[in-house]
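Trainee: Build me a model:
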Amino acid sequence: MQAERPEEKADQQARPTCGDAGQLAYGRADSGAPVNVDEGPDAEHHARAEPSGMGRVVVLSGPSAVGKSTVVRCLRERVPNLHFSVSATTRAPRPGEVDGVDYHFVSPARFQQLIDEGALLEWAEIHGGLQRSGTPAAPVRAATGSGFPVLIEVDLAGARAIKKAMPEAVTVFLAPPSWADLEARLRGRGTETPEAMARRLETAREELAAQDDFDQVVVNSQLESACAELVSLLVGNAPGAA
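Mentor: Residues are numbered from 1 along each chain as shown. You can find the predicted model right below:
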């Protein structure tokens, strides 16, 4: 199945994850079918690491403006052998974006092939089907099989789809200290019309109500403490790590 996802998952800058959409449906992979998608720059970390056993998969999600991109940057600095999942997308690269670093840029035909092969852990259509985006399974499974921790950042529906495809994954909801704090962050961006802001706030309320669906809830009241909790989940020193 597929449905419209109005925004791609947040990249290393600060693009919102969830946008103004309502209900979303995702395709998912039931197996780790081979896929010719580059594993990206994290491969250099793999060469330096000394892993043992299976790597853990942490799936990070949460409402727009909760600070996911900042937390991801912190984790990539703190966990040197971390494999950060890079999405595949059918859209054209934007100025400054690098294939395999920001996204795996593929043709619509290639993306459909990945779906047909069961090679995506989750995927969705964006902007009324004008483009598609999804999480390649092969790089994730290769990293975990080599013992490296994996971080995947997706929206809530994507997190649910990945949990179905990989029950061993630990889903984490990044929550704000309070509703007032999140609302202030959203309004502070100052880039929305009143109507768009009302939709975004309603989406945020719905997302906050879904946090009990996740394995772990991490409150992003202070970056250091939130990052430390997630580091523990990734390296296996916290309750709830699979």
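
Trainee: Identify the spatial nearest neighbour of residue 226, chain neighbours not counted.
Mentor: The spatial neighbour of residue 226 that comes closest, neighbours along the chain excluded (C-beta to C-beta, 6 or more residues apart in numbering), is residue 220 at 4.5 Å. To be clear about C-beta, it is placed using only N, CA and C from the backbone, and glycine gets the same treatment.

Trainee: got a list of what that neighbour touches?
Mentor: Residues near residue 220 by C-beta atoms under 8 Å, 6 or more residues apart in numbering: 62, 66, 67, 71, 174, 175, 176, 177, 226.

Trainee: can we see that at 7 Å?
Mentor: Neighbouring residues of residue 220 by C-beta atoms under 7 Å, 6 or more residues apart in numbering: 66, 67, 71, 174, 175, 176, 226.

Trainee: looking at this, the third one is in a strand?
Mentor: No - secondary structure assignment (DSSP: H, G, I helix; E, B strand; the rest coil) places residue 71 in helix, not in a strand.

Trainee: what's the next secondary structure element after the lowest-mean-pLDDT helix or strand in the chain?
Mentor: Least confident element among the helices and strands of the chain, by mean pLDDT, DSSP states H and E: helix 43-48 (a mean of 29). Counting by DSSP states H and E, the next helix or strand C-terminal to helix 43-48 is strand 57-61.

Trainee: Residues in a beta bridge with the residue most central in space within the chain, which ones?
Mentor: Compute the mean C-alpha point of the chain, and by C-alpha atoms, centre = their mean the closest residue is residue 153, 1.6 Å away. With DSSP bridges as the criterion, residue 153 is bridged to residue 60.

Trainee: how much space between it and residue 183?
Mentor: 22 Å (C-beta to C-beta, to the nearest Å).

Trainee: What of residue 113?
Mentor: Note on residue 113: its distance to residue 183, by C-beta to C-beta, is 42 Å.

Trainee: Can you get me a residue count around the closest residue to residue 145 other than its chain neighbours?
Mentor: Counting by C-beta to C-beta, 6+ apart, residue 145 lies nearest to residue 54, which is 6.9 Å off, once chain neighbours are set aside. Neighbours of residue 54 under the rule other C-beta atoms under 10 Å: 14.

Trainee: Repeat that for residue 106.
Mentor: 21.

Trainee: which residues does it contact?
Mentor: Going by C-beta under 7 Å, 6+ apart, residue 106 touches 88, 90.

Trainee: Could you pull up phi and psi at the closest residue to residue 88 other than its chain neighbours?
Mentor: Once flanking residues are discounted, residue 88 sits nearest to residue 104: 4.3 Å by C-beta to C-beta, 6+ apart. Note on residue 104: backbone dihedrals following degrees, to the nearest 10 are phi -90, psi 110.

Trainee: same deal with residue 84?
Mentor: Here is the backbone geometry of residue 84 (degrees, to the nearest 10): phi -100, psi 120.
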